[in-house]
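quick one, what's the 3D model for this:
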Amino acid sequence: MTDTGAPRTLEPPAPAAPHTPSPWRRMRLWGIAHAVDDLYQGLVPASVPYFVLDRHYGYVAASGLTLAATLGSSVPQPFIGIAVDRLRAGWLAGAGVAVAGVALGLSGLVPSYPAVWCLLLLSGLGVAMFHPAAGKAAREAAGDSAAAMSVFAAGGSVGFFLAPVLATPALIAWGVGATALFVPPAVLTAYVLLRRHRRQGPPAAARSARTGRDRWRPFGVLTAVEVIRSIVFFGMNTFVELYWIRHLHASRTLAGAALTCFLAGGVAGTLLGGRIADRIGLVRTVRLGSALAVPALAGLLLVPGSTAPLLFAVLTGLTLNLPFAVLVKLGQDYLPTRPGTAAGVTLGLAVSVGGLFTPLLGRVAEAHGPQGVLTVLCFVPPLALLLALLLPEPGRS
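A predicted model of the protein is given here:
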C-alpha cells in the first residue's frame with residue numbers, strides 16, 4: 001500500500017458519553033436523612049411493648065401512644081406540603097428531624113402518660129415537617145428513575161429497621177429511659193441538612209420546577225391504596241412482638257428479632273420494588289405487592305413454632321413494601337406541579353393515617369389477643385389490590 005502524500009486530517013475524538021451517577025451516589029444524602037428521620041417513627045412501635053411491660057399500660061393505652069405519633073405526623077402533612085410547594089420552605093427537612101428526635105428522646109424520661117403522649121405527638125409533628133420538603137428535593141435528584149427514588153424511600157425503611165435493632169438491647173437493659181440515647185443522630189442530621197439548605201438556597205429548587213396536568217382522581221385512589229398498606233404495616237409494627245411474646249410464648253429477644261425480620265424485609269422490598277417498576281411499570285408493581293402480601297401474612301399465622309414463622313415475617317415486610325417507593329413516585333407523577341404536596345401525602349399523611357386504626361386493632365387484641373389482630377390484617381391487602389386495578393399508568397389518560 002503506497003502513501004499518496006495527501007495531508008492527513010486528524011479527527012477530534014468523539015466526546016465521551018456523560019456518566020450518570022449511580023442511584024446511591026445521587027440519593028445518599030436524602031436516603032440517610034430519611035433513615036434518621038424515620039428511625040424516630042420506628043422507635044414508637046419498638047418502645048410500645050416496653051411501656052406495656054415496664055409501666056403496665058393496657059393494650060388501648062399502648063395503641064394510644066402510636067395514635068399520638070400518628071396524629072402529629074398525619075394531620076399537618078397536606079398543609080406542610082402546600083407550604084413547601086408555594087413558599088419553598090426547604091429548611092423544614094432539617095428542622096423536622098431535630099424536633100422528631102429530641103421529642104422522642106424525652107418521651108421515655110417523663111413519668112406521666114399525658115406527658116409521654118404529648119411528646120410523641122410533637123415527635124410526629126417533626127416527622128411531618130421532614131417528609132414533604134425531603135420528598136420534593138429527593139425527586140429533583142432522582143429524576144424519572146424509580147430505582148433512584150427507591151433509595152430515598154428505602155432510607156425510611158432502614159430507619160424503621162434500625163429502630164428495634166438499636167432500641168431493643170437498650171430498652172431491655174435500661175428500660176424506656178433509654179430513648180434519650182437516640183437524640184444525637186437527630187441533632188447531627190439537622191445540622192447537615194440546614195447547612196446544605198443555607199448553601200444551596202431556594203433558587204435551586206425553583207430551577208427544577210415541573211410542569212404538567214395534575215390528575216387528582218387517580219391520586220386519590222393511590223392515596224387509598226397507601227392508607228390500606230399502612231394499616232397492615234402499623235398493625236404488624238405494633239403487635240408482631242406481642243404476638244411472639246403472648247401467643248407464641250417466645251422470649252423478648254426473639255420477639256425483637258421478629259420485628260427486625262419484618263422491617264429487614266421492608267428494606268429489601270422497597271429497593272426491589274423500584275427496580276421491578278423500572279422493568280414492568282409502576283402500576284403493575286403496586287398490584288404485585290398487594291397480591292403477594294396475603295399469602296405472606298397467612299404463612300406467618302399458620303406455620304407452627306416460634307422460629308419458622310420468622311421467614312414469613314421477612315416475606316410480609318418484603319411484599320408490603322414492594323410498592324412503597326413506587327407509590328411515592330407515582331403520586332408525584334399524578335401531581336407533577338405539586339411534588340411537595342404529593343410527597344407529603346404519600347410519604348406522610350397516607351402512611352400515618354394507617355396508625356389511626358391501631359386503637360381499633362387494640363380493641364381486637366383486648367378481645368382476641370395479638371393473634372386476632374394478625375388474622376384481621378390478612379383480609380386487608382385484597383382491598384388494596386382491588387383499588388390498584390383502577391390506577392392508570394402515569395403517561396396514560
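
after the longest helix along the chain, next one along is what?
The longest helix of the chain (DSSP state H) is helix 23-55. Taking DSSP states H and E as the definition, the helix or strand that follows helix 23-55 towards the C-terminus is helix 59-74.

so which elements touch that next one?
Using 3 or more CB pairs under 8 Å, 6 or more residues apart in numbering; DSSP states H and E as the contact definition, the elements that helix 59-74 packs against are helix 23-55, helix 113-142, helix 216-242, helix 350-353, helix 358-368. For glycine as for every other residue, the C-beta is placed from the backbone atoms N, C-alpha and C.

okay if I get those helices as TSV plus mean neighbour count?
Written out in TSV, the entries for the helices and strands packed on helix 59-74 read as follows (neighbours: other CB atoms under 10 Å):
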stretch	mean neighbour count
helix 23-55	23
helix 113-142	25
helix 216-242	23
helix 350-353	26
helix 358-368	19
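
circling back: what is the longest helix of the chain packed up against?
Helix 23-55 packs on helix 59-74, helix 92-107, helix 113-142, helix 146-174, helix 183-200, helix 216-242, helix 252-280, going by 3+ CB pairs under 8 Å, 6+ apart.

now the ones you listed in CSV, with distance to residue 350 and mean pLDDT?
As requested, the helices and strands packed on helix 23-55 are exported to CSV (distance: least, CB to CB, whole Å; pLDDT from 0 to 100):
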stretch, distance to residue 350, mean pLDDT
helix 59-74, 8, 82
helix 92-107, 18, 92
helix 113-142, 11, 87
helix 146-174, 13, 83
helix 183-200, 24, 89
helix 216-242, 4, 89
helix 252-280, 15, 87
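
figure out which of the ones you listed is closest to residue 378.
With respect to residue 378, and counting by CB to CB, the nearest of these is helix 216-242 at 9.0 Å.

next one: the closest one to chain centre, how far?
In terms of CA atoms, centre = their mean, to the nearest Å, the centre of helix 216-242 is set 11 Å apart from its chain centre.

cool, and stretch 178-187?
With CA atoms, centre = their mean as the basis, stretch 178-187 stands 20 Å off its chain's centre.

can you pull the buried residues of it?
Residues of stretch 178-187 classed as buried by neighbour count (16 or more other CB atoms under 10 Å): 178-180, 182-183, 185-186.

also stretch 296-313?
So for stretch 296-313, counting by 16+ other CB under 10 Å, buried means 296-297, 299-300, 306, 309-310, 312-313.

and what of stretch 65-81?
For stretch 65-81, burial by neighbour count (16+ other CB under 10 Å) applies to 65-78, 80-81.

coming back round to it: and the buried residues of stretch 178-187, which two are furthest apart?
Going by CB to CB, the two entries of the buried residues of stretch 178-187 that are most distant from one another are 178 and 186, at 15.3 Å.

just checking, residue 129 touches residue 98?
No - judged on CB atoms under 8 Å, residue 129 makes no contact with residue 98 at a distance of 9.2 Å.

which residues does residue 349 contact?
When contacts are counted by CB atoms under 8 Å, 6 or more residues apart in numbering, residue 349 touches 74, 77-78, 223.

an error on my part: the question was meant for residue 231.
Residues in contact with residue 231 (CB under 8 Å, 6+ apart) are 354, 357, 377, 380.

the second one: neighbour count?
The one in question is residue 357. Residue crowding around residue 357 was assessed by other CB atoms under 10 Å; the count is 21.

next one: residue 189
Here the count is done by other CB under 10 Å, and residue 189 has 25 residues near it.

distance of it relative to residue 39?
Distance of residue 189 to residue 39, computed by CB to CB, to the nearest Å: 10 Å.

same question, residue 298
30 Å.

so for the longest helix of the chain, mean pLDDT?
What helix 23-55 shows for mean pLDDT is 83.

ok now that helix, how far from the chain's centre?
On the basis of CA atoms, centre = their mean, helix 23-55 sits 9 Å off its chain's mean C-alpha point.

for residue 57, phi and psi?
Backbone torsions for residue 57, taken as degrees, to the nearest 10, come to phi -70, psi 150.

repeat for residue 378
Dihedral angles phi and psi of residue 378 (degrees, to the nearest 10) take the values phi -60, psi -30.

that one: what's it in contact with?
With contact taken as CB under 8 Å, 6+ apart, residue 378 is in contact with 294, 297-298, 301.

swap the cut-off to 10 Å and go again
For residue 378, the contacting residues are 232, 293-298, 300-302, by CB atoms under 10 Å, 6 or more residues apart in numbering.

output those residues as a markdown table; include the columns secondary structure and distance to residue 365.
Formatted as a markdown table, the contacts of residue 378 follow (DSSP: H, G, I helix; E, B strand; the rest coil; distance: CB to CB, whole Å):
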| residue | secondary structure | distance to residue 365 |
| --- | --- | --- |
| 232 | helix | 15 |
| 293 | helix | 20 |
| 294 | helix | 21 |
| 295 | helix | 23 |
| 296 | helix | 21 |
| 297 | helix | 16 |
| 298 | helix | 19 |
| 300 | helix | 16 |
| 301 | helix | 14 |
| 302 | helix | 19 |
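
quickly name whichever of these is closest to residue 265.
Using CB to CB, residue 296 is the member of the contacts of residue 378 that lies nearest residue 265, at 8.7 Å.

hang on, the closest one packs against residue 302?
No - using CB atoms under 10 Å, residue 296 is not in contact with residue 302, being 11.2 Å away.

thinking again about what came up before, next, format the helices and strands packed on helix 23-55 as JSON lines and append distance to residue 27.
Conversion of the helices and strands packed on helix 23-55 to JSON lines gives the following (distance: least, CB to CB, whole Å):
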{"stretch": "helix 59-74", "distance to residue 27": "22"}
{"stretch": "helix 92-107", "distance to residue 27": "14"}
{"stretch": "helix 113-142", "distance to residue 27": "6"}
{"stretch": "helix 146-174", "distance to residue 27": "4"}
{"stretch": "helix 183-200", "distance to residue 27": "14"}
{"stretch": "helix 216-242", "distance to residue 27": "21"}
{"stretch": "helix 252-280", "distance to residue 27": "10"}
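
among the ones you listed, which is nearest residue 286?
Ranking the helices and strands packed on helix 23-55 by their distance to residue 286 (criterion: CB to CB) puts helix 216-242 first, at 6.5 Å.

returning to what we had before: TSV for the buried residues of stretch 178-187, including distance to residue 60?
Output for these, formatted as TSV (distance: CB to CB, whole Å):
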residue	distance to residue 60
178	24
179	22
180	26
182	26
183	29
185	31
186	29
